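> build me a structure from this.
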Amino acid sequence: MRVLEFASAVEPPGPTDTTDLEGATVTALGFLHAGGERRIVLATDGRGTRGSLLRAAERLQTRGVELDAMLPSARPSDDVAVIGLGAPERIELGARFPVDVEVHADGETAAEVALYENGALPDVRHVKSVVLKPGTNRVSFETVSYAPGDLTLEARVAPKGNDRLPGNDRFARVVRIVGKPRVLYVATAPGEERGSVRALEAGGFVVEVRSPDGLPRDTASLRPFDAVLLSNVPRARVRDDQQRPLVAYVYDTGGTLLMAGGAESFGPGGWEGSPVADILPVTLEGERRKDRPSLALALVIDRSGSMTGQKIELAKEAARRTAELLNPDDYIGVVGFDSAPTVIVRMQSARNRLRMDSDIGRVAARGGTNIFPALDLAYRELQLSRAIKKHVILLTDGQSPDRGLRDLAQVMNADGITLTTVG
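Modelled structure (predicted):
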C-alpha cells in the first residue's frame, strides 16, 4: 500500500464538473511497483463523464492489477424535476382536456406546480400547491383552448426546499388544437353569396361573410381563417394595403386564397398586374379581351333639411332615371349628405338597378348641409375605378359653405373627373 503525501502548499482545486475514471486509474497505475500483489481501489459514484472505465479495467487486467470500487452510501440529493407531461396530441377546438404532469422528487418537499400555455399562465387554476413524496408524483390539470393551431404546454415546478438542479424544473410539449375550418367569404353584392355559404356550411366549414371594405389590413387578422374566398370581387374594391396582407397570408402563414370567377373577377375585374395576381395559379389575361367600363358615375344627393318635400323627391327621381340610362357595363355609385356624407350605393355595375332603386328610395331629408366632404368622398370612390370616363353629378339646392369646393373641383378635373351640378 502506498501513501501519497499532500503538497506543501495549498493549491486551488481543478475543474469539478467532469469525472475521468479512466485517467484516474492510469495515474494510480503509475504509482504501483512491479511485482507482488497489486490493487487499485476506486472511490467513486461510478458516473464518469470522460474516458472509458471498461477500457481502463482491461488494461489493468493485462498487467495483473486488481481493481476494486468503493461506492458512497446512497443519500438524498435534494433534487426535484419535471420528467413528463401527458396530454392528447389532437384536441377539438373548445373541448376541455386533461394534462398530467409527472414530477420526481428525491425527498418529501412542498412545491408549486404550474401549467403554462404558449408561455403564459392563463389563470390561478393552472397553479397547484402540492407536497411531493419521494419518487414520481402525478399532478393533474384540466384546460381548454379556443384558438386553433399549435398550443405549447409547459409544466414548471417550484420546490420550497433545496433544488440541486433547477435546470430540470421545466418540461414542454406541443399539442394541436383542431376545429372546423374557417372561411372568410368576401362578396360585393349583398345576398349573392347565400348559395355558396350554405354549400360551405354543409361541408363542415364555418363561414364569415364580409364586404371588400371588411378585408383586414394586416396579416395577423387573417390568421384565424383557414381560407379567404374573393367571390366576383373587382380589384377596384380592394385597396393595395388590403392585398399585401393577403399575399403575406399565403406566403408566410400557408393560408389559402380562392378567387371565384365572374364578370368582375380575374382579368375582367382588373386584377392583372395586382399584388394578388402574383400568387394566383393562373395568368390573368381577361383585360385584353374585355373593354374597360366606358363610364363610372357618382351621384351626390343633398338630403339636408333644406331639401324636404318635393326637392328631395325630385333628386331621388333624377338619380333613378340616370341609373336607367346607363349601360349594364357602366358603373354607378350614390353618396348622400347632410352635415356629413354617407355612401348609399357603393360603386358597382349598373345592372344592379333594382337594389339601387331600393337604396335610393330610403333617402330622407334632415340635418345641415356640407357639400365638400360628400364631393371629396365621391372623388375618392371614382379614383378606384378603371372606367374610361368618370363623372360626378351633384344634386343640391346649393345652400352650403363653398370653402374648398373650387380647389377640389380643380383637383378632380386634373384627374380626368368631370362635375355637373343640378339644383
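> and the chain, what are its domains?
1-74, 80-178, 182-286, 295-422 (automatic domain parsing).
> in JSON lines, list those domains along with mean neighbour count.
From N, CA and C alone the C-beta is placed, and that goes for glycine too. Output for the domains of the chain, formatted as JSON lines (neighbours: other Cβ atoms under 10 Å):
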{"stretch": "domain 1-74", "mean neighbour count": "11"}
{"stretch": "domain 80-178", "mean neighbour count": "16"}
{"stretch": "domain 182-286", "mean neighbour count": "17"}
{"stretch": "domain 295-422", "mean neighbour count": "17"}
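> can you list the strands that the helix or strand containing residue 228 pairs with?
Assessed by DSSP states H and E, residue 228 sits inside strand 227-231. Here strand 227-231 is paired, per DSSP bridges, with strand 182-187 (parallel), strand 256-260 (parallel).
> who does the helix or strand containing residue 136 touch, helix- and strand-wise?
Element membership of residue 136, judged by DSSP H and E, is strand 135-144. Other helices and strands packing on strand 135-144, by 3 or more Cβ pairs under 8 Å, 6 or more residues apart in numbering; DSSP states H and E, are strand 96-105, strand 109-117, strand 127-132.
> what residues does that strand touch?
Outside strand 135-144, the residues within contact range by Cβ atoms under 8 Å, 6 or more residues apart in numbering are 83, 94-105, 113, 115, 117, 122, 125-126, 128, 130, 155.
> averaged pLDDT, it. What do you get?
The average pLDDT within strand 135-144 is 94.
> and that strand, how far out from the chain middle?
From the chain centre to the centre of strand 135-144 is a distance of 30 Å (Cα atoms, centre = their mean, to the nearest Å).
> start the count at 16 instead of 1 going forward.
Shifting the count to begin at 16 puts that one at strand 150-159.
> who does the helix or strand that comes right after it pair up with?
Remark: after strand 150-159, the chain's next helix or strand is strand 164-174, criterion DSSP H and E. Next to strand 164-174 in the sheet, as set by DSSP bridges, lie strand 124-132 (antiparallel), strand 185-193 (antiparallel).
> may I have strand 164-174 exported as PDB, CA atoms only?
Provided in PDB are the C-alpha atoms of strand 164-174 (Å, rounded to 0.1, in the frame of the first residue of the first chain):
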ATOM      1  CA  GLY A 164     -53.400  25.700 -34.200                       C
ATOM      2  CA  ASP A 165     -50.400  24.600 -32.200                       C
ATOM      3  CA  LEU A 166     -50.500  25.000 -28.400                       C
ATOM      4  CA  THR A 167     -47.300  24.800 -26.300                       C
ATOM      5  CA  LEU A 168     -47.900  23.300 -22.900                       C
ATOM      6  CA  GLU A 169     -45.200  23.800 -20.300                       C
ATOM      7  CA  ALA A 170     -45.100  22.400 -16.800                       C
ATOM      8  CA  ARG A 171     -43.000  24.200 -14.200                       C
ATOM      9  CA  VAL A 172     -42.200  23.100 -10.600                       C
ATOM     10  CA  ALA A 173     -41.000  25.500  -7.900                       C
ATOM     11  CA  PRO A 174     -39.900  23.500  -4.800                       C
END
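> the inter-axis angle of it versus strand 142-147?
50 degrees (axes from the mean of the first three to the mean of the last three Cα atoms, to 10 degrees).
> contacts for the longest helix anywhere in the chain next, please.
Scanning the chain for the helix with the most residues, using DSSP state H, yields helix 325-340. For helix 325-340, the external contacting residues (Cβ under 8 Å, 6+ apart) are 312, 314, 316-318, 322, 347, 349, 365, 368, 371-372, 375-376, 378-380, 408, 410, 412, 437.
> which of the strands paired with strand 242-246 has the lowest mean pLDDT?
Of all the strands paired with strand 242-246, the minimum mean pLDDT falls on strand 271-275 (a mean of 84).
> now do that strand: distance to the chain's middle.
Relative to its chain's centre, strand 271-275 lies at 18 Å (Cα atoms, centre = their mean).
> and if you look at stretch 116-124?
A distance of 38 Å separates the centroid of the chain from that of stretch 116-124, by Cα atoms, centre = their mean.
> output it as CSV, restricted to C-alpha atoms.
Coordinates of each C-alpha in stretch 116-124 appear next as CSV, following Å, rounded to 0.1, in the frame of the first residue of the first chain:
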residue,chain,number,x,y,z
VAL,A,116,-47.6,16.4,-15.0
GLU,A,117,-45.1,13.9,-13.7
VAL,A,118,-42.7,15.3,-11.1
HIS,A,119,-39.8,13.3,-9.5
ALA,A,120,-38.6,14.2,-6.0
ASP,A,121,-35.6,12.8,-4.1
GLY,A,122,-37.3,13.5,-0.8
GLU,A,123,-40.5,14.9,0.6
THR,A,124,-40.9,18.6,-0.1
